[in-house]
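Engineer: I'd like to go over a predicted model; first the sequence, then the structure.
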Amino acid sequence: MIFLSATTPNTNEFSDWIGRTKKKPVHVIKTDYRPVPLSHYLFAGKKLHKVMEGQSGFLDKGYKEAALALLPLSERQKKEQGAQKKPGVFGGSKQNSATIRRVVGSSHSAWQQSGSRQDWNSLVRFLEREELMPTVVFSFSKKKCEEIAHMLQSLDLNTAAERNSAHLFAIQTMKRLSPKDASLPQVVATCEMVKRGIGVHHGGLLPILKEMVEILFSRNLIKVLFATETFAMGVNMPARAVVFNSIRKHDGTRFRTLEPGEYTQMAGRAGRRGLDKVGTVIMCCFGEEPPPQLMLRNMLTGSSTRLSSQFRLTYNMILNLLRVEDMTVEGMIKRSFSEFATQRALTTNEYPKLLKRGTKALAKLEEEFVRDADIRIGAEDISHYYALSFKLLSSTSEGLNCLLSAVGNTAGGSLVPGRIVLVTSARKKGLVRSPAIVVQPPQISSTTKAVSSPAVCIALFPNSYDHVIDDNKPKPKEFHLNYIGTYKNRKYLYTHVELDEILFISQIKHKIDPRTLYKQESSLGRAHVGGASRVTNSFFSAKPMTRQVDDFGFGNLKARGKEGSRTVEDQSIEKVISLLVEAEAMEDSCSLDVLPLKECSKGGAFQGDDAFRLGDLSNQIINFAAELRTYKSHFHPNLLKHYTAVEKKESLSATVTALRHLLSNESLQLFPDFLQRKSLLKTLNYIDENDTVKVKGRVACECNTCEELIVTEMVFEGLLNELDPPEIVAALSALIFQEKTDVDLDPEIPERLKLACEAMRKIALNLGQLQNEHGLMIDPLEYCNSSLKFGLVHVVYDWALGVPFSNICQLTSVQEGSIVRCITRLDELCREVRNCARVVGNPTLYRKMEEASVAIKRDIVFASSLYVT
Amino acid sequence: MASTNHIVIPGQIIAATTNEEESFLRGHGTYLENMDDNPSSSSTANLIISSNDESNSNNNSNTDQGDHNEENEQPIRQNQNLISSTTGTITRTNKLIQVTQPNAIYAPQTGDPIIGRVTSLTAAKWNISTNLTCVTLPASLPLTGINLPDGMQRMRTSADALSMRSLLKEGDIISAEVRMVQGAGLGGGNIVLHARSVRCGKLENGCFVMVPSWLIARRKKHFIVLGCDNEKGFDGIKVEVLLGCNGGIWIQTAMMELEDMEESSGGIMEQVQKIRNDHAAKVLVMEERIVLARVRNAIEALKIVFCRITPENIVDVVKAVAEFGYDVVDMLRPEVVLKITECTRKRV
């Protein structure tokens, strides 16, 4: 396989994807030069001004010259048009013309916006003089192509010999058409134009004329070709020069400047290998100023749009995959380019291995937990206790967050120094429902309203606190963070308390002197501590912890050295510890009252529903705390040990679940979409509970050209059975035709057809409604209007009845080429519906569809291609 | 209006249109008749067929011939009867009414896995016989429908066409998938197969059983591995059973799963090819042969008693054989068949 692209910037990502899905090595070969270099010019004041050449980058000099050249011209124009014209705010030919159109309105025809007849004539003459023919002129609407070509009626760019051969070829082409078709206005006009060496190429042209123009252009018999963007795609039709009529286009929703990728694609048509030395790209400036410099520079030198996946799930695809055994829709999504980045990350990060290890560890822990059940006498309800604690912790945390962002650092007095709080953080700190006293409130960053530095507390370890873990703490200094001290056989800890470690806040508040109790760490020490506490989070924390064992002796020594001498600090800490012991005793007797958070919210600036939420949380905390005290485990002397075991198990299981989710199908971006679509198919009876495709599903599989669900419903509602073949094709045309027209339903069509169209609309609305109900982001009305367009119903009906093409063209404003394309695709749909009839087993419909196919397959619509013969 | 799962016989009136609202759509196994005519007379129906030169046999069965009255030719809609042309159950989807025969000849559907035998080679395609016991539906596997042994995706050259016999020759049994049902007429004609997926291709070193196609229901998985949970009667040997929708069944010892292969270099196709070659070259030991034969005879037994051939049924029968302690040789003796399929039959 070979992939070629001139405009894709993310080639490596793309090739990686191909290589991974195909399991084959992919070689990326890049050439960073063009065999025929391009020169970019602005055409202003009947002269070319070079703005970029080859790889040189943007040339400001050329741009300035162009701007200068335009100035006198603009003054002249102003004189001519007087007050009718207002210069654009920041210039640009297009900008200008937009203003003109708005201001001038009906008095001037629209072509003025992109240069007058004079401008174009002089441009083409200039190109001829400078030997820049053949040239492709890109303009972004079919209409404008035609208009500009008509402006050049007086020009003849071909020599007599060339005119002859062009004429001959045109006559040969016309022989393929019936005499009536050959006299269509579009055919006549195009033939006349090509003789003079001017061609038009756009989607509204009849296919056979398009081919004729292409062939003549490649034979160098068309000197100037006015084309839309489609001409730059796919076909290999280079020219010596490319002219941009405008650098803004309408992309279906709005007018915008060309993307660098689009520009490169079109400009790349210039310069024929082996024939030209340089390819010339010209941007026309017919207004008063050239396009803004920044815009131009960006377009010329910017990198093109990244290749991104356009993978969409369709019902047809889902059904087709469901009936094949060894491909799943999930697999399909997984291998799509849109999921590629995530899927690659998953495999390289070795998540699967991590998951395996986590699962193994979890199984072991759970086994241990079950085995140790008999030593948990008096604490059998520990699992439930943990769950409730967890809920309480998160409620308190949320409530405090609310308060902190609204009231400020002390959270409305709830976290002032001297406040007693109950802390649970078994694995990290060895604290379970331990009373702690706040010595420093948390710090809030003024910009993000988030906690920048957590509160500092002195916490009392439970009686059962294991001494061994104590040994691993780094460098504790007295009255500093992470210092562990002992007073009257009770150990206490200076620690940062995160909001999600606070079980609840008590109503007790003591008077303490924070400065004597707590000394700020140096910034170095804090960073160290921060690092240590962070690693404890993950479940392979053992290594960094043990490394710090060496430090222990020094710190402990120092702490011991201070013993004996009683200072002010010692006295106050003694007081604090006794207060904490007192609080612990109160909790043991259930008399430690919970501080309702809503009482602290006075004067707070709450956002949205925060105030109400806080009220809820406040009640929740009180209720949870009360419930917590009903558990036996709460008063168990060995609570810490059991709690740690459960916490370890639960946190690991949470990690494993998260990992598993990441690796599962559920994390696929399109997976919810797939499930929704599948459930819709189930309700509509396309597939059964086991995802086996049923009759309706098999019918839907046959339709590829248009909205498969609508066609299937039409077949199964017997809508098509009531109609004649011409009526059937006419009704089906609504599904195929895509362009916007102002006419909705022609009143002149037969009553039966009208009814059928209404029924179709109803089906589409119903389907849209159903899809919406199944959670897909589809607006029923919009779905109906976008999939059904009745603009060509009458045209197709008449065509199927045998009315000549020239007559049906007069029925509508839709261009000939579009009609032909619609009918060609309609034939395809007819064949698909015919196959549907076969699946269903209905010969009537089958034969009708065959008749319909025959009825529309005639004359100009199905004229054989010039390329084939 | 007849309800679903209602059994009808040929000539029975299923539904009648009397007014505009109560309309229906004719599906397989039914035909329409004007009410004024004698509704139950099958000769009337036959007359209509002979007067109309089109013969429209539905691909579902030979018997469900019927015809319709062109509604559009009659400006005033006549009351019509929808009459069953075959014995079967009624399935109704929206307005479509179909009669499904319980024992219809295999009607291919896109995506069906089938097991067939190569009958002959023609220009760039193999002709495959899909139904070895009944009427043969013409099926073909084009050269473009298989993966070349080197795993390359390229145009098939005339050299490839000449060496086709080295890939598959006459008499080879293959598993393939129905890609499409070709044919201009309603009857459906030629089945086009392809064998691109990793599970499709030449089958070797195993055992083939043919059963009526209606014993095999379409299911999510047709390529199944039995004996994974060390059930009784499998002696710890994993057996792979390929249930072709056309009634062909292939039994072999389980091949290595693709996922179990270490991430070696080379594409998927090379790995698959390697697994297949290994499997074909494997010499089966006695125990494996006995288990394969047991599974084969279990399927035969199910066929004799007209039971659906599903993985669960096969496992049940094999278990029963092991419990009763029958030899493989005795399994197909009438009284033994009844005994070993007893629990399966009861379930029905």
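Structural biologist: Good, I have the coordinates. Residues are numbered from 1 along each chain as shown, chains lettered A, B, ... in the order given.
Engineer: B:I309 and chain A, how far apart?
Structural biologist: Separation of B:I309 from chain A (C-beta to the nearest C-beta, to the nearest Å): 17 Å. (Each C-beta comes from the backbone N, C-alpha and C, glycine too.)
Engineer: per-residue confidence for that residue?
Structural biologist: If you check B:I309, the pLDDT there is 90.
Engineer: list the contacts of the residue nearest to it when sequence neighbours are not counted.
Structural biologist: Using C-beta to C-beta, 6 or more residues apart in numbering or on different chains and skipping the chain neighbours, the partner closest in space to B:I309 is B:L215 (4.9 Å). Taking C-beta atoms under 8 Å, 6 or more residues apart in numbering or on different chains, we find B:L215 in contact with B:G247, B:L302, B:K303, B:F306, B:C307, B:R308, B:I309.
Engineer: burial count for the nearest residue to the first one once chain neighbours are set aside?
Structural biologist: Take B:G247 and drop its neighbours on the chain: the residue closest to it by C-beta to C-beta, 6+ apart is B:S213, 3.8 Å away. Other residues within reach of B:S213 by the criterion other C-beta atoms under 10 Å in any protein chain shown amount to 24.
Engineer: so B:S213 makes contact with B:Y106?
Structural biologist: Yes. Contact criterion C-beta atoms under 8 Å: B:S213 and B:Y106 qualify, at 3.8 Å.
Engineer: coming back round to it: distance of the residue nearest to B:I309 relative to chain A?
Structural biologist: Going from B:L215 to chain A by C-beta to the nearest C-beta gives 17 Å.
Engineer: how close does that residue sit to B:A301?
Structural biologist: Distance from B:L215 to B:A301, counting by C-beta to C-beta, to the nearest Å: 12 Å.
Engineer: would you map the strands across the stretch 301-450 of chain A?
Structural biologist: For the stretch 301-450 of chain A, the strands defined by DSSP state E, counting those that start in this stretch occupy A:419-425, A:431-440, A:443-444.
Engineer: in CSV, list the C-alpha atoms belonging to the first one.
Structural biologist: What follows is strand A:419-425, C-alpha atoms only, in CSV (Å, rounded to 0.1, in the frame of the first residue of the first chain):
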residue,chain,number,x,y,z
ARG,A,419,-10.3,24.2,67.3
ILE,A,420,-10.5,20.5,68.1
VAL,A,421,-11.2,18.3,65.0
LEU,A,422,-11.4,14.6,64.6
VAL,A,423,-9.0,13.2,62.0
THR,A,424,-8.9,9.9,60.2
SER,A,425,-6.0,9.0,58.0
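Engineer: minimum distance to chain B: which of the strands of the stretch 301-450 of chain A has it?
Structural biologist: For chain B, the closest of those is strand A:419-425, at 42.5 Å, according to C-beta to the nearest C-beta.
Engineer: and the closest residue to A:Q293 other than its chain neighbours, what element?
Structural biologist: Among residues not flanking A:Q293 along the chain, A:Y63 sits closest, at 5.6 Å (C-beta to C-beta, 6+ apart). Here A:Y63, judged by DSSP states H and E, is contained in helix A:60-81.
Engineer: also A:Y41?
Structural biologist: Going by DSSP H and E, A:Y41 is part of strand A:38-44.
Engineer: sheet partners, orientation included, of that strand?
Structural biologist: strand A:47-53 (antiparallel), strand A:279-284 (parallel) (DSSP bridges).
Engineer: to A:N401, which of the ones you listed lies closest?
Structural biologist: Evaluated over those, closeness to A:N401 peaks at strand A:47-53, with 55.1 Å, by C-beta to C-beta.
Engineer: in that closest one, what counts as buried?
Structural biologist: Under the neighbour-count criterion of 16 or more other C-beta atoms under 10 Å in any protein chain shown, strand A:47-53 has A:L48, A:H49, A:K50, A:V51, A:M52 buried.
Engineer: need these in CSV with pLDDT, can you?
Structural biologist: Shown next, in CSV, are the buried residues of strand A:47-53 (pLDDT from 0 to 100):
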residue, pLDDT
A:L48, 78
A:H49, 77
A:K50, 79
A:V51, 78
A:M52, 78
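Engineer: so which of these is the closest to A:S572?
Structural biologist: If you rank the buried residues of strand A:47-53 by distance to A:S572 using C-beta to C-beta, A:M52 comes first, at 76.5 Å.
Engineer: what are the bridge partners for that closest one, then?
Structural biologist: Judged by DSSP bridges, the bridge partners of A:M52 are A:H40, A:F58.
Engineer: hmm, A:F58 and it touching each other?
Structural biologist: Yes. A:M52 is within contact range of A:F58, at 5.6 Å (criterion: C-beta under 8 Å).
Engineer: now list whatever residues contact both of these two.
Structural biologist: Both A:M52 and A:F58 are in contact with A:L300, A:T301, where contact means C-beta under 8 Å, 6+ apart.
Engineer: what about residue 130, how many neighbours?
Structural biologist: I went with chain A, as the question did not name one. Every residue meeting other C-beta under 10 Å relative to A:E130 is counted, giving 12.
Engineer: was after chain B, sorry
Structural biologist: The number of residues packed near B:T130 is 27, by other C-beta under 10 Å.
Engineer: what does B:D327 give?
Structural biologist: By the criterion of other C-beta under 10 Å, B:D327 has 11 neighbours.
Engineer: okay, it: pLDDT?
Structural biologist: B:D327 carries a pLDDT score of 87 in this model.
Engineer: where does the residue of chain A found nearest chain B fall, phi/psi-wise?
Structural biologist: For chain A and chain B, the shortest gap (C-beta to the nearest C-beta) falls at A:G841, measuring 3.2 Å. As for A:G841, its main-chain torsions (degrees, to the nearest 10) stand at phi 90, psi 40.
Engineer: report how many residues lie close to the closest residue to A:N316 other than its chain neighbours.
Structural biologist: Nearest residue to A:N316, sequence neighbours excluded (C-beta to C-beta, 6+ apart): A:E708, at 4.8 Å. For A:E708, the neighbour count with other C-beta under 10 Å is 24.
Engineer: and for A:T567?
Structural biologist: Neighbour tally, A:T567, other C-beta under 10 Å: 12.
Engineer: same thing with A:R20?
Structural biologist: 15.
Engineer: where along the stretch 201-348 of chain B do the helices fall?
Structural biologist: B:268-281, B:286-304, B:311-324, B:334-340, B:342-347 (DSSP state H, counting those that start in this stretch).
Engineer: TSV for these, including distance to chain A and mean neighbour count?
Structural biologist: Output for those, formatted as TSV (distance: least, C-beta to the nearest C-beta, whole Å; neighbours: other C-beta atoms under 10 Å in any protein chain shown):
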stretch	distance to chain A	mean neighbour count
helix B:268-281	6	16
helix B:286-304	20	20
helix B:311-324	14	19
helix B:334-340	28	16
helix B:342-347	18	13
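Engineer: least reliable of those helices by average pLDDT, please.
Structural biologist: helix B:268-281 (a mean of 79).
Engineer: thought A:V699 was touching A:R834?
Structural biologist: No. Taking C-beta under 8 Å as the definition, A:V699 is not a contact partner of A:R834, at 11.6 Å.
Engineer: in the stretch 101-250 of chain B, what residue is nearest chain A?
Structural biologist: Counting by C-beta to the nearest C-beta, the stretch 101-250 of chain B gets nearest chain A through B:G111, at 3.7 Å.
Engineer: hmm, I typed the wrong one, I wanted chain B.
Structural biologist: For chain B, C-beta to the nearest C-beta, closest residue to chain A: B:H28, 3.2 Å.
Engineer: can you give me the pLDDT of that residue?
Structural biologist: 81.
Engineer: is it located within a helix, as I assumed?
Structural biologist: No. Assignment of B:H28 by DSSP: H, G, I helix; E, B strand; the rest coil gives coil, placing it outside any helix.
Engineer: burial measure for the closest residue to A:F390 other than its chain neighbours, as a count.
Structural biologist: Of all residues not flanking A:F390 in the chain, A:E650 sits nearest, at 7.6 Å (C-beta to C-beta, 6+ apart). Using other C-beta under 10 Å, A:E650 has 16 neighbouring residues.
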